[in-house]
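Colleague: Fold the following, please.
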Amino acid sequence: MKFLSSVILFIFSIYSIQTMAQVSDSLSYSLGILIGENLKSQGFTDLKYSEISTAIEDAFNGNGKIDGEKANAIVSGIAAKRAEKMHAGNKEAGAAFLAENAKRDGVISLPSGVQYEILVEGSGEKPTPSSKVTTHYHGMLIDGTVFDSSVERGEPATFPVNGVIQGWQEILPMMPTGSKWKVFIPYDKAYGERAAGPKIGPYSTLVFEIELISIGG
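Modeller: Down below sits the predicted model:
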C-alpha cells in the first residue's frame, strides 16, 4: 500500500508540473498575442521581435539597458513622429481650409488661429473661465461630417468652461448669453495630435455651431 501510494503521488506530481508548464506556456503566448496586436494597431509593424523578447527578459531580471522613463520617452517621440507623418494630410487640409475661411466676410480670426462667425448676437452676460455653461452645439469636421451634436440628441449640454478644449475655452468667455456663433478651431486648439473617438483623427481642424443658452448649473 505504501508503495502504491508513493507511485500515485509521483504520478500526480508529474501531472501537476505538466499542467503548470502548460498554463505558463498558454499565459506567455496569450500575453505575446495581446502585446503584438496592440503594437500592430498603433502602427508599429517594423519591429525586431528578438529585441522585444530580450528587453522583457532584461526587465524581469532587473538589468535593462535603459529605465522605464527613458523607454517611454523614446516610444512616445517615435509614435508622435509617425502619427504626424501618417496624418499630415489632416494638418495640411486644415491649414488650407482656415486660410480660405479667413477670407470670407464676417469671419473674425483671433491671434491663436481660432476663427468665429456671429450667426446670432446675444445681449446677455458673458461667462468667465470658471463658469458653468449650458449650450447647444453641432460639431463637424471640415468636410461637413458630424461627429457630435447636442442638437441632434435634443438635449443641451452643461459643463465648466475650463473643462473643454482650448478653442472653446477661448471663445465661450467672448460670447454674450443668447449668442449663436460658428467657430473654426485649428488642430492645436482642439485635440492636437490625438484622435478623439472614431471620427476625429489626429491633427483635425474642427467646426462648431455653438449656442450659449445660459450661465450656471
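
Colleague: next helix or strand past the helix or strand harbouring residue 118?
Modeller: Under the criterion of DSSP states H and E, residue 118 resides in strand 115-120. Counting by DSSP H and E, the element after strand 115-120 in chain order, helix or strand, is strand 132-141.

Colleague: And the strands in this structure, which stretches?
Modeller: Per DSSP state E, the chain carries strands over the ranges 107-109, 115-120, 132-141, 146-149, 157-160, 180-185, 206-215.

Colleague: And the contacts of the third one?
Modeller: Among residues not part of strand 132-141, those counted as contacts by C-beta atoms under 8 Å, 6 or more residues apart in numbering are 127, 146-152, 156-161, 172, 199-200, 204-217. C-betas here are computed from N, CA, C, even on glycine.

Colleague: hmm, which helix or strand of the chain has the shakiest average pLDDT?
Modeller: helix 2-41 (a mean of 67; mean pLDDT, DSSP states H and E).

Colleague: Listing request: residues of this protein with sub-threshold pLDDT.
Modeller: Counting by pLDDT under 70, the chain contains low-confidence ranges at 1-23, 42-43, 83-84, 86-87, 217.

Colleague: end-to-end on stretch 185-198?
Modeller: 19 Å (C-alpha to C-alpha, to the nearest Å).

Colleague: So that it lines up with my notes, have the first residue be 20 from now on.
Modeller: All set: I'll call the first residue 20, so the last point we hit is now stretch 204-217.
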